[in-house]
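Engineer: what follows is a protein structure lacking sequence information:
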């Protein structure tokens, strides 16, 4: 299993008039969570795109338990529980101190940027991930 | 059943460097879809909040099939298939012409804004919805 | 002079916890205003990028007079007062009914997407604009 | 004079299809810059709103020199050069290493949240700021 944690502070722009973080903005927090997880295994998502592989999102699922508010410090925990085959599954929990705010998962695919076609996960990704699963 | 459709045009700000609409921005399209559905049954979400009832999102699920791109005209179809009890379930499909882009669902709760406590759906909402289900 | 108007409805996601549209979100409204102005002269900004010319923003100036709130219908008026040389200047006023909400201006440049270098305005743009200034 | 600096990393969601940070998203960076400056003088903007004073933006001016791209680490420098009377003026420069990306300024007003009327800067703010200007 691969795990990562990242701390973020809620921005004013992320709130809505209900006084909470707008429900769609959590997608940004999840994106940051998985980028940090990938950095942990030695992969820069930026370089991956520069190498010609993008990772479009196929599925997004979020359950909202408590609302985050402006200036909260939140922690985005991210996990990958298995080696990717055609898709890569990320699990997330977002906390404010001990309080769980949301639980989420996303499935990402691999796409060859030049052809815009789906493809297999690149070897350099698999090679970096393997040590975490043996 | 209650159904609604709304046409939107993709904004430049909604794209990301992959050249597609950023995956989190579809949450905004869904929000517009359900506001339009509620207007169809004679409920202004704005007035509902002014009456003291907000509808926070409890669950969000999206499956992404095809990507929307800048300046696309897209159609957000929204459906409510049953009367709400403690929660209200919305189903969505977003199209560009005949092509389905995403399928989604959200579960929304009812919250008393003054107390920030969950509550039952207000009577004026149930009264407006009933004719659609008999 | 070239003038255009476009009506928009404020989205929930565009508000912040002050209960108003977040100040940075007006940039999106301005972008829509200028895209509509360009459509009026027969230019699709999307096609312009497909032709290899992008228009990055060089300067943005906004004076905020009154706040827009959720579900407001607002009107984005946009004007171009002179033929572009190296830059193209847009003036904007955003209204809710008779009330002016913001006044703004932006200066845009022309960039060759392939080389990422600044360039002159393309001939097809100048040709379409000329009739408005004679 | 009061000065602050804050480091941020550009999010994927902040880019647009040109491959750069969307021009409107810099407003969020500026907001973070001024919140950090205020923390430096011992004022939490969150607490200020809880005390009943909001600071709506009156003017925004940005000159874009170079574009920020995904995953860039950027530094938001913020300065206040004089004690506020009815308004408070912030100056900003945003850098990626030694390269200046944008220069900006904003004028903010003070608003009594209860009455939604403009007001004078609160005494606790002036008291905290004074030592920096003597």
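Structural biologist: Structure's in. What do you need? From a predicted model like this one, the values you see are computed outputs, not experimental measurements. Numbering: from 1, shown residues only, chains lettered A, B, ... in the order given.
Engineer: please make it C-alpha for all contacts and neighbour counts, starting now.
Structural biologist: Will do.
Engineer: and the helix of greatest length in chain A with helix B:26-40, angle?
Structural biologist: Across chain A, the longest stretch assigned as helix under DSSP state H is helix A:26-40. Between helix A:26-40 and helix B:26-40, the angle comes out at 160 degrees (axes from the mean of the first three to the mean of the last three C-alpha atoms, to 10 degrees).
Engineer: the helix or strand just after helix A:26-40 and chain B in contact?
Structural biologist: Sequence-wise, the next helix or strand downstream of helix A:26-40 (DSSP states H and E) is helix A:45-50. No - shown here: helix A:45-50 not in contact with chain B (C-alpha under 8 Å from any C-alpha of the partner chain), separated by at least 8.9 Å.
Engineer: hmm, who's touching helix A:45-50?
Structural biologist: Outside helix A:45-50, the residues that touch it by C-alpha atoms under 8 Å, 6 or more residues apart in numbering or on different chains are A:35, A:38-39, A:54, A:113, D:70-71.
Engineer: most surrounded residue in those?
Structural biologist: Within the contacts of helix A:45-50, neighbour counts (other C-alpha atoms under 10 Å in any protein chain shown) peak at residue A:54, which reaches 24 neighbours.
Engineer: doesn't residue A:112 make contact with that residue?
Structural biologist: Yes - under the criterion of C-alpha atoms under 8 Å, residue A:54 makes contact with residue A:112 at 6.5 Å.
Engineer: pLDDT score for the residue at minimal distance from the centre of chain A?
Structural biologist: Geometric centre of chain A, nearest residue: residue A:34, 2.9 Å, by C-alpha atoms, centre = their mean. Per-residue pLDDT puts residue A:34 at 97.
Engineer: for it, list the residues it contacts.
Structural biologist: Taking C-alpha under 8 Å, 6+ apart, we find residue A:34 in contact with A:78, A:90.
Engineer: hmm, what's the outermost residue in chain A?
Structural biologist: For chain A, the residue at maximal distance from the C-alpha centroid (C-alpha atoms, centre = their mean) is residue A:17, at 26.3 Å.
Engineer: from residue C:91, how far off is it?
Structural biologist: Distance, residue A:17 to residue C:91, by C-alpha to C-alpha, to the nearest Å: 29 Å.
Engineer: also residue A:73?
Structural biologist: Residue A:73 sits at a distance of 39 Å from residue C:91 (criterion: C-alpha to C-alpha).
Engineer: doesn't residue A:134 make contact with residue A:83?
Structural biologist: No - assessed by C-alpha under 8 Å, residue A:83 is found out of contact with residue A:134, at 10.6 Å.
Engineer: if you count surrounding residues, which of these two has more?
Structural biologist: Neighbours per residue (other C-alpha under 10 Å) separate residue A:83 from residue A:134, with residue A:83 holding more: 18 against 6.
Engineer: first to last residue in stretch A:5-25, what's the distance?
Structural biologist: 18 Å.
Engineer: residues from chain A in reach of chain B?
Structural biologist: A:18, A:23-28, A:54, A:57-65.
Engineer: looking at those residues, which are in strands?
Structural biologist: The strands, defined by DSSP state E, take in A:54, A:57-64 from these.
Engineer: in this structure residue A:33 contacts residue A:6, no?
Structural biologist: Yes - counting by C-alpha under 8 Å, residue A:33 does reach residue A:6; the two are 6.4 Å apart.
Engineer: count of residues packed around residue A:41?
Structural biologist: If you count neighbours by other C-alpha under 10 Å, residue A:41 ends up with 18.
Engineer: actually, residue A:127.
Structural biologist: Each residue near residue A:127 was counted by other C-alpha under 10 Å, and the total is 10.
Engineer: residues of the helix or strand where it lies that come out buried?
Structural biologist: Residue A:127 is part of helix A:123-129 when elements are defined by DSSP H and E. Using 16 or more other C-alpha atoms under 10 Å in any protein chain shown as the test for burial, helix A:123-129 gives A:125, A:129.
Engineer: equivalent analysis for stretch A:65-84, please.
Structural biologist: For stretch A:65-84, by 16+ other C-alpha under 10 Å, it's A:67-71, A:74-80, A:83-84.
Engineer: need the pLDDT of residue A:67.
Structural biologist: For residue A:67, the model assigns a pLDDT of 96.
Engineer: now it: how far from chain D?
Structural biologist: Distance of residue A:67 to chain D, computed by C-alpha to the nearest C-alpha, to the nearest Å: 16 Å.
Engineer: residue A:70 touches residue A:11, doesn't it?
Structural biologist: Yes - counting by C-alpha under 8 Å, residue A:70 does reach residue A:11; the two are 6.1 Å apart.
Engineer: near chain D, which residues of chain A?
Structural biologist: A:11-13, A:28, A:31-32, A:46, A:70-71.
Engineer: most surrounded residue in the residues you listed?
Structural biologist: Greatest neighbour count in these, by other C-alpha under 10 Å, goes to residue A:13: 26 neighbours.
Engineer: pop out the phi and psi values for that one.
Structural biologist: When read as degrees, to the nearest 10, the backbone of residue A:13 gives phi -60, psi -20.
Engineer: give me the pLDDT for it.
Structural biologist: For residue A:13, the model assigns a pLDDT of 97.
Engineer: which pLDDT does the model give the residue nearest to residue A:66 when sequence neighbours are not counted?
Structural biologist: Excluding the flanking residues, the one nearest residue A:66 by C-alpha to C-alpha, 6 or more residues apart in numbering or on different chains is residue A:101, at 4.5 Å. Residue A:101 is assigned a pLDDT of 98 by the prediction.
Engineer: list the helices and strands the strand or helix carrying residue A:101 packs on?
Structural biologist: Secondary structure assignment for residue A:101, by DSSP H and E: strand A:99-109. Applying 3 or more C-alpha pairs under 8 Å, 6 or more residues apart in numbering or on different chains; DSSP states H and E, one finds that strand A:99-109 makes contact with strand A:57-64, strand A:87-96.
Engineer: what is the longest one packed up against?
Structural biologist: In terms of contact count using 3+ C-alpha pairs under 8 Å, 6+ apart, strand A:87-96 is assigned the packing partners helix A:26-40, strand A:73-80, strand A:99-109.
Engineer: burial check on residue A:5, number of neighbours?
Structural biologist: There are 19 residues near residue A:5, going by other C-alpha under 10 Å.
Engineer: list residues touching both of residue A:33 and residue A:6?
Structural biologist: Contact criterion C-alpha under 8 Å, 6+ apart; residues shared by residue A:33 and residue A:6: A:76-77.
Engineer: more neighbours: which of these two?
Structural biologist: A side-by-side neighbour count of residue A:33 and residue A:6, using other C-alpha under 10 Å, places residue A:33 first with 27 against 17.
Engineer: quick one: mean pLDDT over stretch A:109-124.
Structural biologist: What stretch A:109-124 shows for mean pLDDT is 95.
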